[in-house]
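# model this:
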Amino acid sequence: MDNILRIIMGPEGGPKATVIPVGEYAGIGGRALTSAIVSKEVPPLCHPLGADNKLVFAPGLLSGTAAAMSGRLSVGCKSPLTGGIKEANSGGQASQTLARLGYAAIVLEGAPKDDNIYKIFINKDGVEINLDNSLKMLGNYAVVEKMKAEYGDKIACISIGPAGEMKMCAASVACTDMELRPTRHAGRGGVGAVMGAKGVKVIVLDDSGMKMRSPKDPDKFREANKNWVDGLKKHPVTGEGLPAYGTNVLTNILNEAGAYPTKNFSLGQFAGSSKISGETEAATETTRGGSATHGCHRGCVIQCSGIYMDKNGQYLTKQPEYETVWAHGGNCGIDDLDAIAMLDRLDDDYGLDTIEMGATIGVAMEAGVAKFGDAQAAISLVHEVGKGTPLGRILGNGAAVTGKAFGVERVPVVKNQALPAYDPRGVQGIGVTYATSTMGADHTAGYAVTANILKVGGYVNPLTPEGQVELSRNLQIATAAVDATGMCLFIAFAVLDQPETFQALLDMLNAFYGLNLTGDDVTALGKSILKNERNFNTKAGFTPAHDRLPEFFKKELLPPHNVTFKVRDEDLDTVFNW
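Here you go, the predicted structure:
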């Protein structure tokens, strides 16, 4: 990955592509690279949908290699949702394909001066950019079918749906999985709206004729990768729980812990949780001829996804993940798996973040737009978004906008981004991450559920403030570094519990690049990424006052434990004091 592909969308005569050496950005990948480019090249006070913003796609340091679990893609920009820096992360085939084509990043710059939309085709021979208004307002599934008909089925696609074209702040960027379905999304922060603002509907990647990236020391790399896979397979979470029940294995766990946000964060337990649990979901999938175990990209050994069929045995969507099942399920009082699967399909097709949309519908239900538990009303609301009606445009711009439009006080957002599926009163460590992350409320930025609930990497009492700042700080540093490698975040379970598995990851990086990285170097990388991101946010106008949860978390008791969020503001301000 020696080059960066820069595509300027606004010059006279149409878009222009330039391939340049990676230069000053050499040696970094994934989130480290997207955040470096955004922090250095994007004016922090620019309008996120304007020509000065840039959208960066970067595979990780180990993407395109034989390293297991290395297929995550980072998508970076200034977020139209939060107003700060954003890295949204996606699985699927795009990262591996882009890396094998030799690109450390694609950077979309400028903006077209008209309302035309473009498709970009990249293969070993170069780059083609073509105007194609026949793609306007198509869903992601239809876009991919058209690309398959035009370019064959040996491709990977990065695309947006109607929500991205309409520049909605909940719009995602879709990546295709191994079956060429647009089911893996860089969901958070409105990155799809930025792609829409650049006038790009789809990027088609074809790595035919390109070889796997080869390591400096093949023998050591092969041995390290074997140890790496062995470590992942022997851990009970990555080797048993996730392959058997997917991420939705967490529904029963969080519900039992009393930290499962229910009916717009008013309760900590959902009476219908067993109907939508990972166990029930897996049984439904296998009974109907789908699958409870499936990888989103080649080289995945955890296989935490699945295939969800409808009642007639026809493909409907990929296995709805825990966050999606919670957002459209318990958060909205809905206990119908088929309805949740349909909502997942619609979100993927329209190009919407399932977390933001589920939280938004929960706020709308609180406002009386629909009743909690009304699955058909929720489906209708997502269709409103897809059609771009006035109501749909309000909802499609997220929970914060919807709360303001309807006068709702309990709006679960930080930096305007909706909270995911863990109530910070019941998992206080994740509350610290929500409040202080550079990304807005984001569980993946520092997944304190590990120690708070799952007792992975130690145990910190989830209901008290003690130890939560240190837990979140360490996890935010580690996560930033993991996001730079292209590794799936779920590797963290094995890495936290098994020192030899962490060493195997270091050994792979060292063997591939001819380095001598240590654990301290990984920590330094994570800190450097967070420093870049925090510097950007400070220049964009963020202060410590933005690193706070909504007031209701400090005032409203959460049943069944009847607790509030207890971490003090002055302690939140010390998270980045390292």
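
# could you pull out the buried residues of stretch 452-467?
Taking 16 or more other Cβ atoms under 10 Å as the basis for neighbour counts, the residues of stretch 452-467 that come out buried are 452, 453, 454, 456, 457, 460, 462, 463, 465, 467. Glycine gets a C-beta too; all of them are placed from N, C-alpha and C.

# quick check: the farthest pair among these?
Largest separation among the buried residues of stretch 452-467 by Cβ to Cβ: 456 and 465, giving 20.5 Å.

# might one say that residue 265 is in contact with residue 413?
No - under the criterion of Cβ atoms under 8 Å, residue 265 makes no contact with residue 413, lying 10.6 Å away.

# which residues are common contacts for those two?
Shared contacts of residue 265 and residue 413 (Cβ atoms under 8 Å, 6 or more residues apart in numbering): residue 419.

# for the stretch 1-150 of the chain, what spans make up the helices?
Assigned helices in the stretch 1-150 of the chain, in chain order: 30-41, 94-100, 140-151 (criterion: DSSP state H, counting those that start in this stretch).

# save the ones you listed as CSV, and put in mean neighbour count, distance to residue 269 and mean pLDDT too.
Below are those laid out as CSV (neighbours: other Cβ atoms under 10 Å; distance: least, Cβ to Cβ, whole Å; pLDDT from 0 to 100):
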stretch, mean neighbour count, distance to residue 269, mean pLDDT
helix 30-41, 25, 34, 98
helix 94-100, 29, 37, 97
helix 140-151, 18, 35, 98
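
# as JSON lines, these with distance to residue 278 would be great.
Formatted as JSON lines, the entries for these read as follows, by distance: least, Cβ to Cβ, whole Å:
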{"stretch": "helix 30-41", "distance to residue 278": "28"}
{"stretch": "helix 94-100", "distance to residue 278": "26"}
{"stretch": "helix 140-151", "distance to residue 278": "25"}
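
# of those, which is nearest residue 54?
Using Cβ to Cβ as the criterion, the shortest distance between residue 54 and the helices of the stretch 1-150 of the chain is 6.0 Å, found for helix 30-41.

# which elements pack onto that closest one?
Counting contacts by 3 or more Cβ pairs under 8 Å, 6 or more residues apart in numbering; DSSP states H and E, helix 30-41 packs against strand 55-59, strand 73-78, strand 85-90, strand 103-109, helix 468-485, helix 519-539.

# send the alpha carbons of it over as PDB?
As requested, the backbone C-alpha atoms of helix 30-41 are provided in PDB (Å, rounded to 0.1, in the frame of the first residue of the first chain):
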ATOM      1  CA  GLY A  30      -6.900   2.500   9.100                       C
ATOM      2  CA  ARG A  31      -8.100   5.000  11.800                       C
ATOM      3  CA  ALA A  32      -4.600   6.300  12.300                       C
ATOM      4  CA  LEU A  33      -4.500   7.300   8.600                       C
ATOM      5  CA  THR A  34      -8.000   8.700   8.300                       C
ATOM      6  CA  SER A  35      -7.600  10.800  11.400                       C
ATOM      7  CA  ALA A  36      -4.200  12.000  10.400                       C
ATOM      8  CA  ILE A  37      -5.400  13.100   7.000                       C
ATOM      9  CA  VAL A  38      -8.600  14.800   8.300                       C
ATOM     10  CA  SER A  39      -6.700  16.500  11.200                       C
ATOM     11  CA  LYS A  40      -4.000  17.800   8.900                       C
ATOM     12  CA  GLU A  41      -6.000  18.700   5.700                       C
END
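
# got the angle for it vs helix 468-485?
90 degrees (axes from the mean of the first three to the mean of the last three Cα atoms, to 10 degrees).

# specify the angle between helix 30-41 and strand 103-109 in degrees.
Between the direction of helix 30-41 and that of strand 103-109, the angle (the same axes, to 10 degrees) works out to 40 degrees.

# for the residue nearest to the spatial centre of the chain, what are its contacts?
For the chain, the residue lying nearest the average C-alpha position, counting by Cα atoms, centre = their mean, turns out to be residue 89 (4.0 Å). The contact partners of residue 89, taken as Cβ under 8 Å, 6+ apart, are 31, 72, 73, 74, 75, 186, 444, 483, 489.

# that one and residue 107: what is the separation?
Plainly put, residue 89 is 17 Å away from residue 107 if you go by Cβ to Cβ, to the nearest Å.

# end to end on stretch 15-24, go ahead and measure it.
One end of stretch 15-24 sits 25 Å from the other (Cα to Cα, to the nearest Å).

# go through that stretch and flag the buried ones.
Of the residues in stretch 15-24, those buried by neighbour count under the rule 16+ other Cβ under 10 Å are 15, 16, 22.

# equivalent analysis for stretch 230-248, please.
With burial defined by 16+ other Cβ under 10 Å, the residues of stretch 230-248 counted as buried are 230-232, 235, 237-239, 241-243, 245-248.

# those residues in helices, which ones?
230, 231, 232, 242, 243, 245 (DSSP state H).

# nearest to residue 351 among those residues?
For these, the minimum distance to residue 351 (Cβ to Cβ) is 26.1 Å, reached by residue 242.

# what about that closest one, distance to residue 248?
Noted for residue 242: a distance of 10 Å to residue 248, by Cβ to Cβ.

# over to residue 389?
From residue 389 across to residue 248, the span is 31 Å (Cβ to Cβ).

# show me where the stretch 151-300 of the chain has its helices.
162-165, 191-197, 218-234, 236, 242-245, 250-256, 278-287.

# likewise the stretch 301-450 of the chain?
322-328, 337-350, 354-366, 375-387, 390-395, 399-406, 428-436, 449.

# which residues touch residue 365?
Shown in contact with residue 365 (Cβ under 8 Å, 6+ apart): 263, 264, 332, 333, 371, 372, 374.

# what's the farthest-apart pair in those?
Those two in those that are separated most widely, counting by Cβ to Cβ, are 264 and 374, at 13.7 Å.
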